[in-house]
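K.L.:
Next input, structure requested:
(3 chains)
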Amino acid sequence: MTIPSFVEIMEFVGTFAFAISGIRLASAKRFDWFGAYVVGVVTAIGGGTIRDLLLDVTPFWMTNSMYLLCSGLALFWVILFGKYLIHLNNTFFIFDTIGLALFVVVGVEKTLALDYPIWVAVVMATLTGSAGGVMRDIFINEEPLFFRKEIYAMACVIGALVYCMCDRLGMEVHMTQIMCGAAVFVVRTLAVKYNICLPVLTGGDEEESKK
Amino acid sequence: MTIPSFVEIMEFVGTFAFAISGIRLASAKRFDWFGAYVVGVVTAIGGGTIRDLLLDVTPFWMTNSMYLLCSGLALFWVILFGKYLIHLNNTFFIFDTIGLALFVVVGVEKTLALDYPIWVAVVMATLTGSAGGVMRDIFINEEPLFFRKEIYAMACVIGALVYCMCDRLGMEVHMTQIMCGAAVFVVRTLAVKYNICLPVLTGGDEEESKK
Amino acid sequence: MTIPSFVEIMEFVGTFAFAISGIRLASAKRFDWFGAYVVGVVTAIGGGTIRDLLLDVTPFWMTNSMYLLCSGLALFWVILFGKYLIHLNNTFFIFDTIGLALFVVVGVEKTLALDYPIWVAVVMATLTGSAGGVMRDIFINEEPLFFRKEIYAMACVIGALVYCMCDRLGMEVHMTQIMCGAAVFVVRTLAVKYNICLPVLTGGDEEESKK
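P.N.:
Residues are numbered from 1 along each chain as shown, chains lettered A, B, ... in the order given. This is a model prediction of the structure:
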C-alpha cells in the first residue's frame, strides 16, 4: 500500500464525478443497479478508452482496477445518499470540472508522448473529456447533450491548446499541467456562469422545411 | 474439409441464435434484408469484436468466415420460416443460452491467455456476452434492454467468476469450461424462470423530478 | 507545398461531400457549430476509422490533417451558403457518390495489402463507405437510414467484388480502381434513379404483433 500521488487523487475525484453524472441520469430512467453501474463506468472511462484505441495503447482502465472500483463506489453513493445529492450540485460541478481538467491534461500528454502533432493532441484531449458523455447519452437513448450545449468541448479544445503553447514555450511540465487545467476550469466555469454558447447552425435542411 | 470440433459446433449454434435474435427485432422494425443481416451480424459478433479491439488482437471473425456465413444462414432461416419462429421460442432460449455460455468461456480464456488479471477477464466475458445486444438496441434506436432487465449480464459475471475460481483451484481445463458454462446456463434459466432481477436504482435526478 | 495528386483531390471531394451531409442533418436538428462540426467529421471519417481499428493500423486521419480541415471547410460552407445548398442537391449527389466510390477503393486496397482474404475486403469496403452514415444517424438519435433504404451498402459490396475480380484477373491497378469506382457509381445511380431497393424482411416478431 503506497500513498497515492496528487495526480492519482485528482483522477479518483474526476472518475467519481463523471461516474456519478452517468448513474444519476440512469436512475432518472429507472435502470437497475447493474445497468446504472455500466452507464456510470462508460461515462467515466468511455472517452479515455476510445482515445487509447485510436492511439493503439492498452486502455488505461485495464491496467489499474481503481477506475472500475471508483465507479462502484459512485454507485453505492447514489444508492445510499441519492436523495441528498441534489443539494450538492455545486460541489459536483467543481468535481466534474476538476475531472475534466485532468482528463484533458492526460489526453494531451499521452498523445504528445507518442510523437503525434499538436492537432492530434487537441482532438484526443477533447475525446477524452467528452466522448464518455456522448456514449452515456446514446446508451440512455437521448440525443447527445454535447451537440446542443457543449459545456465540455470548447473547454477541452482551449485547455489542450494552452498545454501545447506552454509546452512549446519550454515551460516546466508541472507548470504546463497547471496552466492547462486552469484554462479548462476557467473556460467551463465562465461558460456556465454567463451561459456562453456557440451559435446554432441554421441553413441547409432547415431552410428546406420552412418552405 | 475437416470434421468440426465440439466447441466449433457450439460456436455455430451460439452465433446462429444471437443472429436470429437481432434479425427478428430488425424484421419487427421493417428493415430490408441487408439491414436485417447487419443487425444480426452485429448482435452475434459485436461483443467479441469490442473485446478483441480492447485486447488488441485481430477480431475473431476476420480470420474465419464461419461467423458471417452463419449469420447469413440465420437471415435465410427468418426469410423462409419467419412465421413459424414464434412457436420455437423455448428452443431459441436454449440455443441463446448455450451461445451465451460459450461466449463467456471464450471471453475469459482469451483474456487470461494474455496475462490480464481476473477482474479484466470478468469484464471481457460480460462484454463478449452482452455488448452485441446493446449494439443491436442502439442500431434499432431502442433504449438498450440490458439496462433495465439484465438477463445476460449477471449470468456472464457469475460464470466468469466460476471459471476463474475453478482455474485457481487447479481444475482441469475442460472441467473448468463445463463448470463455467453450466453456471451461466443455470443463472440465466433461474433468473428468467423466477423473474429474478436486480433492484431498480432510485434517487438522484428522479427525486428532483418529484418535487 | 506539393501539387495534390488525382487521388488526393478525389479524397478531398469525397470527404467534403460526406461532411456536408452530416452537417446539414445536424443543422436541421439545430445543433451548435461545434456539434455540427463533430457530426460532419464523424460522417466523413467514421467508417474509415472503424476499418483502421479493425485492421489494427493507425487511423488515416491521424497522419494527415487534411480530413479535419476539409470538414471544417464544409462547416463554413454551410454557415455561409446554407440557404443556397438545396439548389445543389444534384451536384452533391455526384460528389457524394464520387466519395463513396473512392472510399470503397481505399477500403479494398488497404485490406488486401494486409493479406486478408477477399470477403474481409468486401466487409471493410462496406464499412468504409457506410459506417460513417450509421454513426451520424446514431448521434442525431435517428434510426439509421441505412437499415431501411440502403443506398450505400449494395453499391459498396458490388464495387468491392468488382475490384477483387479485376485484381484476380491480373488487371493493371489503375484500371482495377476505375472499374471498381465505376461499378459503385453505376449501381448507386441506378438504385436511386429507378428506386431499386431490397425487399423488406417480414416474419418473426412482426407476425407476433399481428395476433
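K.L.:
C-alpha from now on. contacts and neighbour counts both.
P.N.:
OK.
K.L.:
what does chain A put close to chain B?
P.N.:
A:24-36, A:53, A:56, A:58-59, A:62, A:65, A:78-79, A:81-86, A:138-141 (C-alpha under 8 Å from any C-alpha of the partner chain).
K.L.:
buried subset of the residues you listed?
P.N.:
Among the residues of chain A next to chain B, those classed as buried by 16 or more other C-alpha atoms under 10 Å in any protein chain shown are A:24-36, A:53, A:56, A:59, A:62, A:78-79, A:82-83, A:85-86, A:138-141.
K.L.:
what's the following helix or strand after the helix or strand containing residue A:76?
P.N.:
Using DSSP states H and E, the element containing residue A:76 is helix A:66-81. Sequence-wise, the next helix or strand downstream of helix A:66-81 (DSSP H and E) is helix A:89-113.
K.L.:
got the buried residues for stretch A:183-193?
P.N.:
A:183, A:184, A:185, A:187, A:188, A:189, A:191.
K.L.:
chain center to that stretch, what's the gap?
P.N.:
14 Å (C-alpha atoms, centre = their mean, to the nearest Å).
K.L.:
Could I get the average pLDDT for that stretch?
P.N.:
Averaging pLDDT along stretch A:183-193 gives 88.
K.L.:
Residues contacting the helix holding residue A:76, please?
P.N.:
With C-alpha atoms under 8 Å, 6 or more residues apart in numbering or on different chains as the test, helix A:66-81 has contacts from A:12, A:15-17, A:19-20, A:23-24, A:33, A:36-37, A:40-41, A:44-45, A:61, A:85, B:201-204.
K.L.:
If we use 6 Å, what do you get?
P.N.:
A:16, A:19, A:20, A:41, A:61 (C-alpha atoms under 6 Å, 6 or more residues apart in numbering or on different chains).
K.L.:
Please save the CA atoms from that helix in CSV.
P.N.:
Below are the C-alpha coordinates for helix A:66-81, written out as CSV (Å, rounded to 0.1, in the frame of the first residue of the first chain):
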residue,chain,number,x,y,z
MET,A,66,-9.0,1.8,-9.5
TYR,A,67,-11.3,3.1,-12.2
LEU,A,68,-13.9,0.3,-12.0
LEU,A,69,-13.8,0.3,-8.2
CYS,A,70,-14.2,4.1,-8.1
SER,A,71,-17.3,3.8,-10.4
GLY,A,72,-18.6,1.1,-8.0
LEU,A,73,-18.2,3.5,-5.1
ALA,A,74,-20.1,6.1,-7.0
LEU,A,75,-23.0,3.6,-7.5
PHE,A,76,-23.1,2.8,-3.7
TRP,A,77,-23.0,6.6,-3.0
VAL,A,78,-26.1,7.1,-5.2
ILE,A,79,-27.9,4.1,-3.7
LEU,A,80,-27.2,5.3,-0.2
PHE,A,81,-27.4,9.1,-0.5
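K.L.:
any idea where the strands of chain A begin and end?
P.N.:
For chain A, no strands are identified by DSSP state E.
K.L.:
Residue A:111 is in contact with residue A:121, correct?
P.N.:
Yes: in this structure residue A:121 lies within contact range of residue A:111 using C-alpha atoms under 6 Å: 5.3 Å.
K.L.:
more neighbours, these two?
P.N.:
Using other C-alpha atoms under 10 Å in any protein chain shown, the more surrounded residue of residue A:121 and residue A:111 is residue A:121, with 28 against 22.
K.L.:
Pull the contacting residues for the residue nearest the centre of chain A.
P.N.:
In chain A, the residue lying closest to the centroid (C-alpha atoms, centre = their mean) is residue A:129, at 3.1 Å. Contacts for residue A:129 (C-alpha under 6 Å, 6+ apart) come out as A:100, A:103.
K.L.:
one more time with 10 Å, if that's ok
P.N.:
A:18, A:43-48, A:51, A:97, A:99-107, A:152-153, A:155-157 (C-alpha atoms under 10 Å, 6 or more residues apart in numbering or on different chains).
K.L.:
From residue B:32, how far out is it?
P.N.:
37 Å (C-alpha to C-alpha, to the nearest Å).
K.L.:
How about residue A:25?
P.N.:
Taking C-alpha to C-alpha, one finds residue A:25 at 34 Å from residue B:32.
K.L.:
With residue A:115 instead?
P.N.:
Taken as C-alpha to C-alpha, the span from residue A:115 to residue B:32 is 45 Å.
K.L.:
Can you get me a residue count around the residue nearest to residue A:65 when sequence neighbours are not counted?
P.N.:
Sequence neighbours aside, residue B:119 is the residue nearest to residue A:65 in space, at 7.8 Å (criterion: C-alpha to C-alpha, 6 or more residues apart in numbering or on different chains). Other residues lying near residue B:119 total 19 when counted by other C-alpha under 10 Å.
K.L.:
so who does residue B:119 touch?
P.N.:
Residue B:119 sits in contact with A:62, A:65, A:68, B:108, B:111, B:112, B:125, B:157, B:160, B:161, B:164, where contact means C-alpha under 10 Å, 6+ apart.
K.L.:
does the fifth one really touch residue B:125, like I thought?
P.N.:
Right, the one you point to is residue B:111. Yes: in this structure, residue B:111 is within contact of residue B:125 by C-alpha atoms under 10 Å, at 8.5 Å.
K.L.:
Need the residues touching each of those two.
P.N.:
B:51, B:119.
K.L.:
coming back round to it: could the buried residues of stretch A:183-193 be laid out in a markdown table, adding distance to residue A:73?
P.N.:
Converted to a markdown table, those look like this (distance: C-alpha to C-alpha, whole Å):
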| residue | distance to residue A:73 |
| --- | --- |
| A:183 | 29 |
| A:184 | 26 |
| A:185 | 25 |
| A:187 | 29 |
| A:188 | 26 |
| A:189 | 27 |
| A:191 | 30 |
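K.L.:
hmm, back to that, the buried ones among the residues of chain A next to chain B in helices, which ones?
P.N.:
Mapping those onto helices (DSSP state H) picks out A:24-28, A:33-36, A:53, A:78-79, A:138-139.
K.L.:
What subset of the contacts of helix A:66-81 is buried?
P.N.:
Using 16+ other C-alpha under 10 Å, the buried ones in the contacts of helix A:66-81 are A:16, A:19, A:20, A:41.
K.L.:
which among these gets closest to chain B?
P.N.:
The closest of the buried ones among the contacts of helix A:66-81 to chain B turns out to be residue A:20 (C-alpha to the nearest C-alpha; 9.2 Å).
K.L.:
which residue sits closest to the closest one, ignoring its sequence neighbours?
P.N.:
Nearest one to residue A:20, counting by C-alpha to C-alpha, 6+ apart, is residue A:74 at 5.6 Å.
K.L.:
likewise residue A:43?
P.N.:
residue A:132 (4.2 Å).
K.L.:
wait, the one you found sits on residue A:22?
P.N.:
Yes: the criterion here is C-alpha under 10 Å, and residue A:132 meets it with residue A:22 at 9.1 Å.
K.L.:
Give the residues shared as contacts by those two.
P.N.:
With C-alpha under 10 Å, 6+ apart, residue A:132 and residue A:22 have common neighbours A:39, A:40, A:41, A:42, A:43, A:44.
K.L.:
pLDDT for these - can I get that in TSV?
P.N.:
Below are these laid out as TSV (pLDDT from 0 to 100):
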residue	pLDDT
A:39	91
A:40	93
A:41	94
A:42	93
A:43	92
A:44	93
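K.L.:
Thanks a lot, see you next time.
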